[in-house]
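Student: Just need the structure, nothing else, for what follows:
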Amino acid sequence: MSAVTEIYIDKADLNMYQLKPAPPKWDLQEYIVTYLKEKDNRYLAWFLHYYEKTLNNNVQEYMRKLFMPEHFADMKQAYIAGLLKALKNYDIKQGVPFTSFKERYVEREILDYVRSMRTGFTA
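Tutor: Got it, this is the predicted structure:
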């Protein structure tokens, strides 16, 4: 674990999407497809349960790149906001895995968060 993780990240923030007992283990794409088909939030929760470790690593990478080591929880929320926006625009028929499709939405939300923090303005 990096020093950034040990100093700035609350353990509860790392595991906020963990479910007990653990949900059925599927391919990540299968959770998204089932969520979109059935409109049942349980499948999104199951996706987040298994995706959270990757999500945390991605957020920590943004923290390092953008020199914002104390913003894990807020950047994680921005990441989730981007993920939810991507989900609204995702079309399974295009054949792109959701985990790839969501990237530009996630990055846009994180950069919007960073801009608002650095300028002090929010809209």
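
Student: how long is stretch 80-99 from one end to the other?
Tutor: 12 Å (C-alpha to C-alpha, to the nearest Å).

Student: Kindly report the same for stretch 62-75.
Tutor: Start and end residues of stretch 62-75 are separated by 8 Å (C-alpha to C-alpha).

Student: Tell me the buried residues in whichever strand or helix holds Ser116?
Tutor: Element membership for Ser116 (DSSP states H and E) is helix 103-119. Neighbour counts over helix 103-119 (16 or more other C-beta atoms under 10 Å) mark 105-106, 109-110, 113-114 as buried. Heads up, the C-betas are built off the backbone N, CA and C, glycines and all.

Student: Does that helix pack against any helices or strands, and if so which?
Tutor: Here helix 103-119 touches helix 41-66, helix 72-89, going by 3 or more C-beta pairs under 8 Å, 6 or more residues apart in numbering; DSSP states H and E.

Student: Indicate which one of these is closest to Phe98.
Tutor: Phe98 lies closest to helix 72-89 among the helices and strands packed on helix 103-119, at 7.3 Å (C-beta to C-beta).

Student: just to revisit the earlier point, from the buried residues of helix 103-119, which single one is nearest Tyr79?
Tutor: Minimum distance to Tyr79 across the buried residues of helix 103-119 is 5.2 Å, recorded for Val106 (C-beta to C-beta).

Student: picking up where we left off before, now the helices and strands packed on helix 103-119 as TSV including mean neighbour count and mean pLDDT?
Tutor: Formatted as TSV, the helices and strands packed on helix 103-119 follow (neighbours: other C-beta atoms under 10 Å; pLDDT from 0 to 100):
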stretch	mean neighbour count	mean pLDDT
helix 41-66	17	96
helix 72-89	18	97
